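K.L.:
Here is a sequence together with a model predicted from it:
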Amino acid sequence: EDQVTQSPEALRLQEGESSSLNCSYTVSGLRGLFWYRQDPGKGPEFLFTLYSAGEEKEKERLKATLTKKESFLHITAPKPEDSATYLCAVLGRAAGNKLTFGGGTRVLVKP
Amino acid sequence: GAVVSQHPSRVICKSGTSVKIECRSLDFQATTMFWYRQFPKQSLMLMATSNEGSKATYEQGVEKDKFLINHASLTLSTLTVTSAHPEDSSFYICSATRGTGLNEQFFGPGTRLTVL
């Protein structure tokens, strides 16, 4: 069974204070690892897909990296508008089209 | 591209009534659509997977007769909560994949259901 664990559960940052979110996973045959951002009362917004170890993707202040066991979402010089819950999910070979989600990391960036 | 809409965004109903939620892919054809439920401060819980023209596949523990799913076209799926009760109150979110092999799911904005 595929499993995803995200840490920390919550993160408080000062504006400009860079940090990283962790997503540890176990999966039988990774077909993709996905990062989403979710604002309160809204659906998740797609950020990145990573397919193989060593892959990196960037979007504005966010950078996602992938190893064989975990993924990191780096937030560089965050702004208050980066406050959200960040969700990690994996798609395994045996899962069909079903994603396995982690519990999320709630990020609060204070001005 | 890859925009998914849901309607309504909020619904309040009386116990015992049925509520229909629509999920549409606006700028792509969705080979597969998914329905999730989310409780406060928790992650998404998959309820069912549906493919156009086929019966939905429900996750273990999800009542098929309570949560009716219809995927009538490549751009529309509906979730009907039948005989709703207060414990069905939740945030329901749909998602869709484009079927291009890239596997990303694109999510709708969600529907907040409150059953009185």
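P.N.:
Sure thing, it's come through.
K.L.:
Going by residue numbers, what spans are strands in chain A?
P.N.:
Along chain A, counting by DSSP state E, strands occupy A:3-7, A:10-14, A:19-26, A:30-38, A:45-50, A:56-59, A:62-66, A:70-75, A:84-92, A:100-101, A:105-110.
K.L.:
any idea which of the ones you listed is most buried?
P.N.:
Highest mean neighbour count among those (mean count of other C-beta atoms under 10 Å in any protein chain shown): strand A:84-92, with a mean of 23. Yep, even glycine has a C-beta here, placed from its N, CA and C like the rest.
K.L.:
follow-up on the earlier one: pipe the strands of chain A into CSV and attach mean pLDDT per row.
P.N.:
Output for the strands of chain A, formatted as CSV (pLDDT from 0 to 100):
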stretch, mean pLDDT
strand A:3-7, 96
strand A:10-14, 97
strand A:19-26, 98
strand A:30-38, 96
strand A:45-50, 95
strand A:56-59, 96
strand A:62-66, 98
strand A:70-75, 98
strand A:84-92, 96
strand A:100-101, 94
strand A:105-110, 98
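K.L.:
Figure out which of the ones you listed is closest to B:Lys14.
P.N.:
Closest approach to B:Lys14 among the strands of chain A is made by strand A:30-38 (29.7 Å; C-beta to C-beta).
K.L.:
Give me the neighbour count for whichever residue of chain A sits closest to chain B.
P.N.:
Using C-beta to the nearest C-beta, the closest approach of chain A to chain B is made by A:Gly43 at 3.8 Å. A:Gly43: 23 surrounding residues under other C-beta atoms under 10 Å in any protein chain shown.
K.L.:
nearest residue to it other than its sequence neighbours?
P.N.:
Distance criterion C-beta to C-beta, 6 or more residues apart in numbering or on different chains; nearest residue to A:Gly43, sequence neighbours excluded, is B:Phe107 at 3.8 Å.
K.L.:
surely that neighbour meets B:Gln6?
P.N.:
No - under the criterion of C-beta atoms under 8 Å, B:Phe107 makes no contact with B:Gln6, lying 9.1 Å away.
K.L.:
Quick check: neighbours shared by these two?
P.N.:
Common contacts of B:Phe107 and B:Gln6 (C-beta atoms under 8 Å, 6 or more residues apart in numbering or on different chains): A:43, B:93-94.
K.L.:
Which residue would you name as the spatial centre of chain B?
P.N.:
B:Trp35 (3.5 Å; C-alpha atoms, centre = their mean).
K.L.:
Tell me both backbone torsions, phi and psi, for A:Lys42.
P.N.:
Backbone torsions of A:Lys42, given as degrees, to the nearest 10, read phi -130, psi 160.
K.L.:
Give me the neighbour count for the closest residue to B:Ala84 other than its chain neighbours.
P.N.:
For B:Ala84, ignoring the flanking residues on the chain, the nearest one in space by C-beta to C-beta, 6+ apart is B:Val115 at 4.5 Å. Look at B:Val115: counted by other C-beta under 10 Å, it has 20 neighbours.
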